[in-house]
Structures are given as C-alpha cells and as structure tokens.
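> how would this look folded up:
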Amino acid sequence: MEEFRGPCHRVNIRDPASSSASRRSSVEGHESRELSFHSVKKRGHGSRSWIQIDSDGNSKVLELDKATLMKHCSLPARDLRLLDPLFIYPSTILGRERAIVVSLEKIRCIITAEEVILMNSLEGSVVEYSSELGKRLQINKEHHDDLPFEFKALELALELTCLSLDSQVKELELEVYPVVDELASTVSTRNLERVRRLKGQLLTMTQRVQKVRDEIEQLMDDDGDMAEMYLTEKKERSEAFTLENLGNRGTLFAVNSKSAPVSPVGPVNGLQKLQRAFSTIVGSRHGSLSSSSSGEENIDQLEMLLEAYFVVIDHTLSKVFSLKEYIDDTEDLINIKLGNVQNRLIHFELLLTCATFVATVFASMTAVFGTNFEASVFDHASTFDWVLIATGFVCGMTASVFAPSLDFDYNHSF
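Reported below is the predicted structural model:
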C-alpha cells in the first residue's frame, strides 16, 4: 500500500507546476493575440507620413492620421482608401467639393486649391513628382500663368503617368519583337515559354493603359465632373459670397439698431421676420448665382488639358494593340506551319499505305500460286502471266486514282 502511495504522491507534486505553466502559456498567448489584434485595429487609425506642397512650391513632411486628413479635405473614407499603398486600385481621378483625389499608377495624392498632399514614399515616381512640381511652381511665380494651381498639379500627374507607361511599353517592344521573330523562325519549347511570359506582361500593360485612357475619356465626356474640379474658382466664389453676406448683415443690423421699439414683444417678432426674409432673399440670390455660374462654367481649359494627354495615352494604347496583333499574327503563322507539317505527314502516310497495298496484293498472288494443290490452271504456263498482268493493272489503277488527290491536298496545304 505504501509503495502505491509513493508514486501517486510524486505525480501530485508535479501537477501544480505543469498546470501553472500551461495556464501561464495560455495567458501569454491570449495577451499576444490581444496585442496583435489591437495593433491591427489601430493600424488604420495611426498617423502616416505625407508630403505637403503649397502653391509657392514649398514642401514639408507632415504626420497626419486618417480622421484629420478627412476633416481637412472634406473627403469620405472610401476616397482615402484609393491612396493607401496596401490596396491595389485601378487608376482613378475623382472631383470632390474641396479636393481632387488622384490615383494614377504610383502617384497618389490629394489636390486642393492651395496645396497638394502626397503620400510620402521612396518610389521614383513620387520623388520625381514632388521635386518637379516644386520646381514648376517656383518658376511660375516669376512668370504669370492663367492655369489654376489644381490643374498644374493634375497636369504633372498625368504627364508623369503617361510618360512612365509609354517608356514601359517601349521597353516591352524591344523585348517582344526579337523573341517573336525568333519563334517564327524556330518553334521550340524555350521560345514558346518566353512568348507566353511576354504575352502575360502585355495583357497586364494593356489593362493599365486602358484604365488610364478610360478615366480621362470619362472625365472629358462629363461636363459636371470637369466643372467640379475648378477648385480655385469655387473657393473665390465662396469667399466673395461670404464677404457680401457679412456686409449685408452688418447693414441690416445697423438699420435695426436705429429703430426704436414700440412694445417689448413686437420688435423681436419684427426683427425675426426681417432676418428670415433677408436670409430667404440671400439664399435665393446665392442659388441663382451658383446655378448661373455652373451653367456658364468655362470648362474649355480643363478639357483641352485632358484632351492633350488623352492623345498621348491613346497613342500608347495603339502601340500596345500593335504588339498584341503582331503576336497574334505570329501565332497564326505558326499554326499554318504546323498544319503544313501535319499535311506532309498525312501525305507520306497515304503514300506508304498505297505502297503497302500494292505489296500486299502481289504477296497474296504469290501465296495463292505457291500453294501445293492440283488445279487445271497450273497446266498452262501462260495463265500465270495473265494473272500478273491483271494484278499489276489493278495496282496501277489504284495508284492513279489516289495520286492526284494526294498532290491536290499537298499543294493546297500552303
């Protein structure tokens, strides 16, 4: 009995340590999972590095969170997702009330009437955009330019995007044409694999260029979207209306302060009615002003800008389509060559079949006359000669029937 209790006592001594260790590991694992969850949860609300470029070309790096940026530019959260480098979105240009959201390839920024807020990155296109925009704005300070600030920033984004896509298409051309020509001359597994890889790259490039072209074309076809992008003009109009509204209210209050009250209730009601009537008049006046200005909005400046880069990107897209057609034509040529080889093999197979048929007929006749049995035909030696003549005539007729059809198929296989 004591021998039985000893081992049980030893087992009970080890249990608290093992259970505490397991509890500790589970608690630590739970805490690590909570920390990772909170880090992932807070990642979308953390601050990020942005480059701010003002209208004078001065740039500085800012740390802004998503909520501050949304409030500053009056943008919804779905528009800021277009600027997130963790997400892959097609090229997009959106015109909002106080900003233009631009997502063109690697250039992702927010353009307002006074500044450009650009995602801070080490990408070559981002660095080139920020430096080139600062240079152009500083040069334009000396030389007066009628183009608004937001259009200057948008023009540079379109220019760099079009040039980048065009240079990539040119590099793809230099790689595609030699490989396809080599495949046309020598059909091999290595060449077919290289063309397949290049064809995948060409498909991706076509989608990227096509999306930029469609986005520009969509903006050109919608006058309302183009009018929405005149941020400087909308800002000046809003400021002028605010100043006019304040001036009219000051005049109204000055007139009301000079009038003497008749009763303690009457003036208050009269003043409220007067203010309500004034606000109605001003609101209707502002509505008529905005409607007339939007109806008579001059969008030719932006339309000409978009049209210039639409021609550039359309030319790039035509080069991509030319590459695709060249590859398709080469594939058709290879299919024709393979069909020609297949027809040659069929021709040779038919000739071999005819020769086998003739040899089989002569072998059959030889086997028939080589048998050891008595027949009257063997009594006359000339009978065997007639059998050979008839057999040769049948084989000749068979060859003359099949030979023209073989030649016809062979000549029409090219």
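
> show me what the biggest helix by length in the chain is packed up against.
Secondary structure of the chain per DSSP state H: the longest helix is helix 300-369. Applying 3 or more CB pairs under 8 Å, 6 or more residues apart in numbering; DSSP states H and E, one finds that helix 300-369 makes contact with helix 149-185, helix 189-221, helix 223-228, helix 381-411. For glycine as for every other residue, the C-beta is placed from the backbone atoms N, C-alpha and C.

> for the second one, which positions count as buried?
Within helix 189-221, the residues that count as buried by 16 or more other CB atoms under 10 Å are 191, 194-195, 198-199, 202, 205-206, 208-213, 215-216, 219-220.

> is residue 132 in contact with residue 156, as I believe?
Yes. Counting by CB atoms under 8 Å, residue 132 touches residue 156, with 6.1 Å between them.

> who has more neighbours out of those two?
Under the neighbour definition other CB atoms under 10 Å, residue 132 and residue 156 were set side by side, and residue 156 has more, 20 against 13.

> isn't that one up against residue 135?
No. Contact between residue 156 and residue 135 fails when scored by CB under 8 Å: they sit 10.1 Å apart.

> which stretches of this structure have low pLDDT?
For the chain, the stretches flagged by pLDDT under 70 are 1-46, 239-298, 373, 375, 377-378, 380-381, 384, 399, 401-414.

> let me have the helices and strands packed on helix 300-369 in TSV, extended by distance to residue 333.
Shown next, in TSV, are the helices and strands packed on helix 300-369 (distance: least, CB to CB, whole Å):
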stretch	distance to residue 333
helix 149-185	6
helix 189-221	12
helix 223-228	45
helix 381-411	19
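
> nearest to residue 52, of these?
Between residue 52 and the helices and strands packed on helix 300-369, the tightest spacing by CB to CB is seen for helix 149-185, at 12.1 Å.

> tell me the buried residues in the closest one?
By 16+ other CB under 10 Å, the buried positions in helix 149-185 come out as 149-158, 160-162, 164-166, 168-169, 172-173, 176, 179-180, 183-184.

> now that helix against helix 189-221, angle please.
With axes from the mean of the first three to the mean of the last three CA atoms, to 10 degrees defining the directions, helix 149-185 sits at 150 degrees from helix 189-221.

> and helix 149-185 with helix 300-369, angle?
Between helix 149-185 and helix 300-369, the angle comes out at 20 degrees (the same axes, to 10 degrees).

> doesn't residue 85 lie inside a strand?
No. Read with DSSP: H, G, I helix; E, B strand; the rest coil, residue 85 is coil and lies in no strand.

> assess the claim that it and residue 108 are in contact.
Yes. Taking contacts as CB under 8 Å, residue 85 lies within contact range of residue 108: 7.4 Å.

> more neighbours, these two?
Legend: neighbour count by other CB under 10 Å for residue 85 and residue 108, higher for residue 108 (25 against 12).

> quick check on the more buried one: phi, psi?
Backbone torsions of residue 108, given as degrees, to the nearest 10, read phi -130, psi 120.

> what sits against it?
Contact partners of residue 108, counting by CB atoms under 8 Å, 6 or more residues apart in numbering, are 82, 83, 85, 102, 118, 119.

> most widely separated two among these?
Greatest spacing in those, by CB to CB: 85 and 102 (14.2 Å).

> on that earlier part again, which of the contacts of residue 108 are buried, as a ChimeraX select command?
Only the buried entries of the contacts of residue 108 go into this ChimeraX selection, using 16+ other CB under 10 Å:
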select :82,83,102,118,119
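
> list just the nearest of the contacts of residue 108 to residue 311.
residue 102 (19.7 Å).

> so that closest one: helix, strand or coil?
Following three-state DSSP, we place residue 102 in the strand state.

> any idea how far it lies from residue 146?
21 Å (CB to CB, to the nearest Å).

> next one: residue 164
Distance of residue 164 to residue 146, computed by CB to CB: 28 Å.

> just residue 363 next, same as before
98 Å.

> looking at these two, which one has more neighbours?
Ranked by neighbour count (other CB under 10 Å), residue 363 and residue 146 place residue 363 first, with 10 against 6.

> distance check, that one against residue 395.
The value you get for residue 363 to residue 395, if CB to CB is used, is 12 Å.

> what do you get for residue 348?
According to CB to CB, residue 348 stands 19 Å off from residue 395.

> ditto for residue 158
Separation of residue 158 from residue 395 (CB to CB) stands at 78 Å.

> how about residue 358?
According to CB to CB, residue 358 stands 4 Å off from residue 395.

> looking at this, residue 51 is in a strand?
Yes. Membership of residue 51 in a strand is supported by three-state DSSP.

> what does stretch 311-318 contact?
162, 165, 166, 169, 206, 209, 210, 212, 213, 216.
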